[in-house]
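*Asks:* One predicted model, sequence on top.
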Amino acid sequence: MFTHSVARLGAFIRINITGVGHASRMFVAIVQRSGGLLKRPRLISDQIFFLGNYSFVIIAVSGLFVGFVLGLQGYYTLNRYGSEQALGLLVALSLTRELGPVVTALLFAGRAGTSLTAEIGLMKAGEQLTAMEMMAVDPIARVLAPRFWAGIITMPMLAAIFSAVGVIGGYLVGVPLIGVDSGAFWSQMQGGVDVLQDVGNGVIKSIVFGIAVTFIALYQGFESKATPEGVSLATTRTVVVSSLTVLALDFLLTAVMFST
Amino acid sequence: MQSNPSTVIAHLDNVTFSYGSNERTILSGLHISFEKGKLTAVMGGSGSGKTTVLRLLGGLYPANSGTVIFEGQDMGQLDHQGLIEARKKMGMLFQFGALFTDMSVFDNVAFPLREHTQLDEAMIADLVMLKLNAVGLRNARDLMPSQISGGMARRVAFARAVALDPPLMMYDEPFAGLDPISLGVTARLIREMTDALGMTGVLVTHDVPETFAIADYVYFIANGAVVAKGTPESLKASTDPFVRQFMDAAPDGPVPFHYPGASLKDDFGLGRMV
């Protein structure tokens, strides 16, 4: 009984280490085989258009509502200390440093990430990837690499849209609805937000999240079993693994950024 | 026929293969060779390893032991770039076409040309139209794969596979699930393309009449090895029990009707009956 448990633990660890090694090799392969994209940037821009369109509406609407809530909750807290004039600063900092990149990455995983996984998984199930290989075209270079880079480029843009719409949401709740002074709302924001420290850190976060979420989505699709169950399992796994990865990475990045 | 090594474009020597260490052995000690410019059929029942032969020839999987030689190169020893170069000389028609579902018929056929040549779009358009014309689908060029029938998809895939005029063309179950008209069209296309383009054809199938009508040479495989081979004429006259069972579509014979396991007596407890 005891040896059985130890054996199972060993097998579990071995399978997971093998999985990490396999994923790392694929990550390196995608990066290494991206050179050809310099000659064909159209492959990336098509995917940016595709992924951006997929996620734009959900990102903008979510940003607006998160902005509304930030306006209300921020006012509730700041009002206790008589500093409701700083509402604009609070909304902007919360969005650019934290909520913009994180919520965008979570929504991106649910919307674009799942569609990437399903698309790649179904291409595999329909033997399209094998057909491509047999046509002497490397699926990693032709299918995965453009989507990978497109995800990395799209994520900061979507995060910027989320934050911008969120600020507007915060403004709409704070100024016309609650009555915070409009000049104070904007001037405090302008004076208090540091482009490099606050916006820059947010951009770095969203690039890292872009790498993580897009890679996880592609990896899950590429490694999925070529059956309906396999593809559906891979799609679910994309959401679970990338959401947890984004939250863990967010903590690590925030800790590193605070210490500097 | 398969005797002169200088005319052989590809051959499998003593090949053993399974899809994983715990999986059943698909091929064991298989010897097959394919002669240049001929249409060679590999026949056998479902699960006999026919498609695996094509996958090994294409270098999609390495053999567990033995060698897979294509144009003098050992496919198992080639690196990533070497495999890409070898595959440029091969075309493969997949069982269900494997068309790219996000591209039109035209773009599917243009795909290998755009990937592997520096031709301008006007030239590519001409070549694609020629290939589509050859399979009778010139006017279906703007349709998406979801808008065409299974037989048409197979023909588009055929046009795509021969877009670069490969010396070796592989057909994976090209007759499966086709109506009689599409079936006849596909069989005629395979024979005509082989002759017109001087290609070598490897035809993996279990359809006896169509294959015997167009193939130059036939291998029968069962249990991972060749059990009979010869020209269609010689096989028609064969008295080999496996060939006879396959050709006469007999339910029982060397290939048993029942999946191997416990006997009927054991399962129903008939032995214990008084």
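*Replies:* Happy to help now that I have it.
*Asks:* which stretches of the stretch 51-200 of chain B form helices?
*Replies:* Remark: helices assigned in the stretch 51-200 of chain B by DSSP state H, counting those that start in this stretch are B:80-87, B:105-116, B:121-134, B:150-161, B:180-197.
*Asks:* closest to A:L158 out of those?
*Replies:* With distances scored as Cβ to Cβ, the stretch of the helices of the stretch 51-200 of chain B nearest to A:L158 is helix B:105-116 (28.7 Å). Where you see a C-beta, it was placed from the backbone N, CA and C, and this is true even at glycine.
*Asks:* ok, now which ones touch the residue nearest to B:A159 when sequence neighbours are not counted?
*Replies:* The shortest distance from B:A159 to any non-neighbouring residue, by Cβ to Cβ, 6 or more residues apart in numbering or on different chains, is to B:K131 (4.1 Å). Neighbouring residues of B:K131 by Cβ atoms under 8 Å, 6 or more residues apart in numbering or on different chains: B:V109, B:A159, B:R160, B:V162, B:A163.
*Asks:* ok, now how distant is the fourth one from chain A?
*Replies:* Going back to what we said before, that points to B:V162. The gap separating B:V162 from chain A is 11 Å, by Cβ to the nearest Cβ, to the nearest Å.
*Asks:* wait, what's in contact with the residue nearest to that residue when sequence neighbours are not counted?
*Replies:* Excluding its sequence neighbours, the residue lying closest to B:V162 (Cβ to Cβ, 6+ apart) is B:G91, at 5.6 Å. Going by Cβ under 8 Å, 6+ apart, B:G91 touches A:M134, B:A161, B:V162, B:A163, B:L164, B:P166, B:L168, B:M169, B:M170, B:M199.
*Asks:* Which strand residues bridge B:V204?
*Replies:* For B:V204, the beta-bridge partners are B:V42, B:D172 (DSSP bridges).
*Asks:* Check it and give its pLDDT.
*Replies:* Per-residue confidence (pLDDT) for B:V204: 92.
*Asks:* so the nearest residue to A:Y171 once chain neighbours are set aside is in which element?
*Replies:* Of all residues not flanking A:Y171 in the chain, A:F185 sits nearest, at 6.3 Å (Cβ to Cβ, 6+ apart). In the assignment (DSSP states H and E), A:F185 maps to helix A:182-192.
*Asks:* What's the mean pLDDT across the lengthiest helix in chain A?
*Replies:* What stands out as the longest helix in chain A, according to DSSP state H, is helix A:41-80. The pLDDT scores in helix A:41-80 average 93.
*Asks:* which residues touch stretch A:117-127?
*Replies:* Applying Cβ under 8 Å, 6+ apart, the set of residues contacting stretch A:117-127 from outside is A:129-130, A:143-144, A:217-218, A:220-222, A:224, A:226-228, A:230-231, A:234-235, A:237-238, B:94-96, B:98, B:100-101.
*Asks:* again, only this time at 7 Å
*Replies:* With Cβ atoms under 7 Å, 6 or more residues apart in numbering or on different chains as the test, stretch A:117-127 has contacts from A:129, A:143, A:217-218, A:220-222, A:224, A:226-227, A:230-231, A:234-235, A:238, B:94, B:98, B:101.
*Asks:* which of these count as buried?
*Replies:* Among these, those buried by neighbour count (16 or more other Cβ atoms under 10 Å in any protein chain shown) are A:129, A:143, A:217-218, A:220-222, A:224, A:231, A:234-235, A:238, B:94, B:98.
*Asks:* These into TSV, with extra columns for pLDDT and secondary structure?
*Replies:* Compiled in TSV, these are given as follows (pLDDT from 0 to 100; DSSP: H, G, I helix; E, B strand; the rest coil):
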residue	pLDDT	secondary structure
A:L129	93	helix
A:V143	94	helix
A:A217	97	helix
A:L218	97	helix
A:Q220	96	helix
A:G221	96	helix
A:F222	95	helix
A:S224	94	coil
A:V231	94	helix
A:A234	96	helix
A:T235	96	helix
A:T238	96	helix
B:F94	90	coil
B:A98	92	coil
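*Asks:* who are the neighbours in contact with the residue nearest to A:Y171?
*Replies:* Taking Cβ under 7 Å, 6+ apart, we find A:F185 in contact with A:L87, A:G88, A:Y171, A:G174, A:V175.
*Asks:* Next, give phi and psi for B:R24.
*Replies:* Dihedral pair for B:R24: phi -70, psi 150, per degrees, to the nearest 10.
*Asks:* Nearest residue to it in space, please, no chain neighbours.
*Replies:* Leaving aside its sequence neighbours, B:R24 sits nearest to B:S18 (Cβ to Cβ, 6+ apart; 6.4 Å).
*Asks:* Kindly provide the distance from that neighbour to B:L130.
*Replies:* As judged by Cβ to Cβ, to the nearest Å, B:S18 and B:L130 stand 42 Å apart.
*Asks:* just to revisit the earlier point, which one of the contacts of B:K131 sits closest to chain A?
*Replies:* Nearest to chain A among those is B:R160, at 7.8 Å by Cβ to the nearest Cβ.
*Asks:* And for the residue nearest to that closest one when sequence neighbours are not counted, the neighbour number?
*Replies:* Nearest non-adjacent residue to B:R160, counting by Cβ to Cβ, 6+ apart: B:V109, 4.8 Å away. Using other Cβ atoms under 10 Å in any protein chain shown, B:V109 has 29 other residues around it.
*Asks:* Isn't B:V109 up against B:A161?
*Replies:* No - with contact defined as Cβ atoms under 7 Å, B:V109 does not count as touching B:A161 (9.4 Å).
*Asks:* who are the neighbours in contact with the closest residue to chain B within the stretch 151-260 of chain A?
*Replies:* Of all residues in the stretch 151-260 of chain A, A:A226 sits closest to chain B, at 11.8 Å by Cβ to the nearest Cβ. By Cβ under 7 Å, 6+ apart, A:A226 lies in contact with A:K124, A:A125.
*Asks:* can you confirm it is in a helix?
*Replies:* No - looking at A:A226 with DSSP: H, G, I helix; E, B strand; the rest coil, it is coil, so not inside a helix.
*Asks:* Any figure for the gap between the residue lying closest to B:P241 once chain neighbours are set aside and B:G45?
*Replies:* Distances taken as Cβ to Cβ, 6+ apart place B:P254 nearest to B:P241, at 5.2 Å, with adjacent residues excluded. According to Cβ to Cβ, B:P254 and B:G45 sit 10 Å apart.
*Asks:* Quick one: low-confidence residue ranges for the stretch 151-260 of chain A.
*Replies:* Low-confidence regions of the stretch 151-260 of chain A, defined by pLDDT under 70, span residues A:259-260.
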